[in-house]
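Enquirer: What follows is a predicted structure for the sequence shown.
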Amino acid sequence: MWRSGVVVLLVASTAYADRPLHGSIGGGSALLVTGDNGDRQRFELEADVEPYSRWGGLLAWRHFNGDHKGILAAGIVYEAGAARPRLVIDFHGDVGFDLDQKAPMAGGGLRTVITIVGQLGLALDSGGYLVIDGVDHTRFAIALGASLVARF
């Protein structure tokens, strides 16, 4: 009797679903909590794609405004959780280049996308980015962002 129960649990616990191509593209504002180099309010653009799985990639232009060229980044995305189509939680790891300091950057964070209506959503992002530029100019930027995104 107990063996049939174990078999039922093993079969029922494995759930396979067709994961379509999904992701988002959007832009908004970012607030630098640390590492601001003069002003805290910046902008960011980001696009991420997860092709038929939880794993995917991203391209981003972070922390730019009229006085700062910002950071160009590419990275990986892992969909940690989702209640599709309303909520998606992603971890992201980025590597890139700080255009102001002309120095390499590595970082990552947590991004939550909440669908507002249709394909339109709000992305809330928090992340930390280490810009490596010698002993005196290395900085760690912690950023909080809010973006308007189109989901697909």
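Expert: All right, it came through fine.
Enquirer: Quick check: buried residues in stretch 35-47?
Expert: For stretch 35-47, a neighbour-count test (16 or more other CB atoms under 10 Å) marks 35-37, 42-44, 46-47 as buried. (Glycine included, C-beta is placed from N, CA and C.)
Enquirer: Dump the residues you listed to a markdown table, plus pLDDT, secondary structure and distance to H22.
Expert: Shown next, in a markdown table, are the buried residues of stretch 35-47 (pLDDT from 0 to 100; DSSP: H, G, I helix; E, B strand; the rest coil; distance: CB to CB, whole Å):
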| residue | pLDDT | secondary structure | distance to H22 |
| --- | --- | --- | --- |
| G35 | 88 | coil | 32 |
| D36 | 84 | coil | 33 |
| N37 | 77 | coil | 35 |
| R42 | 96 | strand | 27 |
| F43 | 97 | strand | 25 |
| E44 | 97 | strand | 21 |
| E46 | 98 | strand | 15 |
| A47 | 98 | strand | 12 |
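Enquirer: And those, which is closest to R139?
Expert: Of all the buried residues of stretch 35-47, R139 sits closest to G35, with 4.1 Å by CB to CB.
Enquirer: Which residue ranges of the chain form strands?
Expert: Secondary structure of the chain (DSSP state E): strands at 22-32, 41-50, 55-64, 71-83, 87-98, 103-117, 120-131, 139-151.
Enquirer: I'd guessed H22 sits against A150; true?
Expert: No: counting by CB atoms under 8 Å, H22 does not reach A150; the two are 11.9 Å apart.
Enquirer: more crowded one of the two?
Expert: H22 (19 against 13; other CB atoms under 10 Å).
Enquirer: Now the more buried one. Nearest residue, chain neighbours left out?
Expert: Computed as CB to CB, 6 or more residues apart in numbering, the closest residue to H22 that is not its neighbour in sequence is E50, at 5.5 Å.
Enquirer: quick one: the one you found and A82, what's the gap?
Expert: From E50 across to A82, the span is 10 Å (CB to CB, to the nearest Å).
Enquirer: The buried residues of stretch 35-47 into JSON lines, with extra columns for distance to L122?
Expert: Compiled in JSON lines, the buried residues of stretch 35-47 are given as follows (distance: CB to CB, whole Å):
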{"residue": "G35", "distance to L122": "25"}
{"residue": "D36", "distance to L122": "24"}
{"residue": "N37", "distance to L122": "27"}
{"residue": "R42", "distance to L122": "18"}
{"residue": "F43", "distance to L122": "16"}
{"residue": "E44", "distance to L122": "14"}
{"residue": "E46", "distance to L122": "13"}
{"residue": "A47", "distance to L122": "16"}
